[in-house]
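Undergrad: Sequence and predicted model, in that order:
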Amino acid sequence: MTQKRKPTVLFFDSGMGGLSVFTEAWKLNRDAAFYYLFDHECFPYGNKSEVFLRRRVSALLKAVSDELHPDLIVIACNTASTTVMPVIRDIFSIPVVGVVPAIKPAAAISRNKHIALLATPGTVHRAYTDFLINEFAYDCRVMRIGSEDLVRLAEAELLKFGRRFCAEHLADLENAQGRHSCMLENEHLHIADDDSTNHQRLEKILEPVLSLPQGDRPDTLILGCTHFPLLRDDIAQVLGPDITLVDSGEAVARRINSLLAGQQESSGAAGAAAGGAVESGPQVAMYTGNATDQEKDMFECTFRCFGFVEVRNFILKDAGTVA
C-alpha cells in the first residue's frame, strides 16, 4: 500500500533560533514533516545589508525547495522576515510565513503603555518595525534595544545544552531514534548557574531597562528575535516578575496549522507538491558553509534533542557569502 505524502514544512533561519518557533509548530502539527535549514556560513544576519539578505535568502530557499518541494516555508528569523518577505512571496506559489516582532500583542496587554523591543540591530531599525509600531503601538512608549551579542549568546548556549543533553540522555535518544519526539519539550535551556561571565553579558544587554527607575520601566518586553525565547527563563530572572515577555512563536504555529489545514481541504490529500516525505515529524536539518568536526558534533546533538534524524551540509553555489 502506498503511503500518503505528509505536508512538508521547511523552516529557515540564520542559525538555530528558529527551533524556538519549530517547537511550537510541532506541538500543533503532528502530521507534518519538518525540515530545517540554517545559514551557518553567514550567521548572524543582524549585521547584514538588506540587499545581501534579499539575494542570499532568495537563492537559498529556491535551491533547497527545488530539492524538498515543501508545501509551506517558514522564515523563522525576524531580521530576514522584515527584509525579504515580499521578494520571497513573489518567487514561490506556496505559502510563506514570516516571523515579525510581537508588537501588536505587547501593546494590547501593556498596562502602563510602555513596552520594550529586544531584537537584532537590523530589526530594531527596520522600516517594517516602524510600521508595526505606528500601526499597533501608537499609544505606547517603545524602547528599542538592538543586540547582536544576545543572538550569539543564545546560539552558543543552545549548542552547549544540546551536547550536554545528548550525553545525559543518550539511551533515551537512541530508543526514540529521533522520531516523533522532541526531547526538550520538558526541559528548559538556561545559562549555567556557575557561568558568571554569560550572566554578566546578559545583564549588560538588558541594562537599558535595568537602569531605569522601577516605576518607569516597561511592563512588557518583546523577544524580537527567534533566538531570544531560548533564554526566556534567564531574561525573565534578570528583569524580574513585573515585566511580561512576549514572542511570536505560538501565533506562527497557529498560522502554519491553519494554512496546512486549508491545503488539505483544497487538495483532498496531505501535501500538494510532488515528491516529499512520507514520515511525519522532524526529519533533516541542514547547514550552509564549512563546519569543524566539533561544530558538526554539536549540531547533531542539538538537533537530535529536537527530534531530527539527520544533520547534513547544504551546498549553495553562486549566492555570495559576505555583505
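TA: Noted; the coordinates are in hand.

Undergrad: mind checking which helix or strand Ala25 is in?
TA: helix 19-28 (DSSP states H and E).

Undergrad: Which residue ranges of this protein form helices?
TA: 19-28, 50-68, 78-91, 103-109, 121-125, 127-136, 149-168, 170-176, 196-205, 207-210, 232-239, 249-267, 293-305 (DSSP state H).

Undergrad: show me where pLDDT drops low in the protein?
TA: Within the chain, the stretches with pLDDT under 70 are 1-4, 169-188, 265-278, 318-323.

Undergrad: then the helix holding Ala25 to PDB, C-alphas only?
TA: This file holds the C-alpha atoms of helix 19-28, laid out as PDB (Å, rounded to 0.1, in the frame of the first residue of the first chain):
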ATOM      1  CA  LEU A  19      14.000  26.000  16.800                       C
ATOM      2  CA  SER A  20      12.000  28.000  19.300                       C
ATOM      3  CA  VAL A  21       9.300  28.500  16.700                       C
ATOM      4  CA  PHE A  22       9.600  24.900  15.400                       C
ATOM      5  CA  THR A  23       8.900  23.600  18.900                       C
ATOM      6  CA  GLU A  24       5.600  25.500  18.900                       C
ATOM      7  CA  ALA A  25       4.700  24.400  15.400                       C
ATOM      8  CA  TRP A  26       5.400  20.800  16.100                       C
ATOM      9  CA  LYS A  27       3.000  20.800  19.000                       C
ATOM     10  CA  LEU A  28       0.100  21.800  16.800                       C
END
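
Undergrad: which residues touch that helix?
TA: 9, 11, 32, 34, 36, 74, 76, 99, 158, 182, 184-185, 226-227, 229-230, 247-250, 252-254, 256-257, 281-282, 302, 306-307 (C-beta atoms under 8 Å, 6 or more residues apart in numbering). In this view, the C-beta of every residue, glycine as well, is placed from N, C-alpha and C.

Undergrad: just the buried members of those?
TA: 9, 11, 32, 34, 36, 74, 76, 99, 158, 182, 184, 226-227, 229-230, 247-250, 252-253, 256, 281-282, 302, 306-307 (16 or more other C-beta atoms under 10 Å).

Undergrad: Tell me which of these fall in strands.
TA: Those of the buried ones among the contacts of helix 19-28 mapping onto strands are 9, 11, 34, 36, 74, 281-282, per DSSP state E.

Undergrad: Looking at the residues you listed, which one is closest to Leu132?
TA: Val74 (18.9 Å; C-beta to C-beta).

Undergrad: one step back: which of the helices of the chain is buried the deepest?
TA: The highest mean neighbour count among those, using mean count of other C-beta atoms under 10 Å, belongs to helix 19-28: a mean of 23.

Undergrad: Test my guess that Ala251 contacts Lys104.
TA: No: using C-beta atoms under 8 Å, Ala251 is not in contact with Lys104; the gap is 9.3 Å.

Undergrad: that older thread, what two of the ones in strands among the buried ones among the contacts of helix 19-28 are the furthest from one another?
TA: The span of those, defined through C-beta to C-beta, is set by Val74 and Gly281 at 15.7 Å.

Undergrad: I'd like to know how many residues surround the closest residue to Phe92 other than its chain neighbours.
TA: Leaving aside its sequence neighbours, Phe92 sits nearest to Ile73 (C-beta to C-beta, 6 or more residues apart in numbering; 6.6 Å). With neighbours defined by other C-beta atoms under 10 Å, the count for Ile73 comes to 26.

Undergrad: list the contacts for Ile73?
TA: 9-10, 12, 61, 65, 88, 92, 94-97.

Undergrad: How much space separates it from Leu259?
TA: 11 Å (C-beta to C-beta, to the nearest Å).

Undergrad: which residues are common contacts for the two?
TA: Taking C-beta under 8 Å, 6+ apart as the contact rule, Ile73 and Leu259 both touch 95, 97.

Undergrad: Could you list the residues in contact with stretch 156-165?
TA: 16, 19, 183-184, 187, 189-191, 198, 230-231, 297-299, 301-305.

Undergrad: that older thread, go through the helices of the chain and name the closest to Tyr287.
TA: Evaluated over these, closeness to Tyr287 peaks at helix 293-305, with 6.1 Å, by C-beta to C-beta.

Undergrad: where's the nearest residue to His125 once chain neighbours are set aside relative to Lys317, distance?
TA: Closest residue in space to His125, ignoring its immediate chain neighbours: Gly146 at 7.1 Å, by C-beta to C-beta, 6+ apart. Gly146 sits 33 Å away from Lys317, going by C-beta to C-beta.

Undergrad: out of these two, which sits in the busier spot?
TA: For Gly146 versus Lys317, neighbours defined as other C-beta under 10 Å are more numerous around Gly146 (19 against 6).
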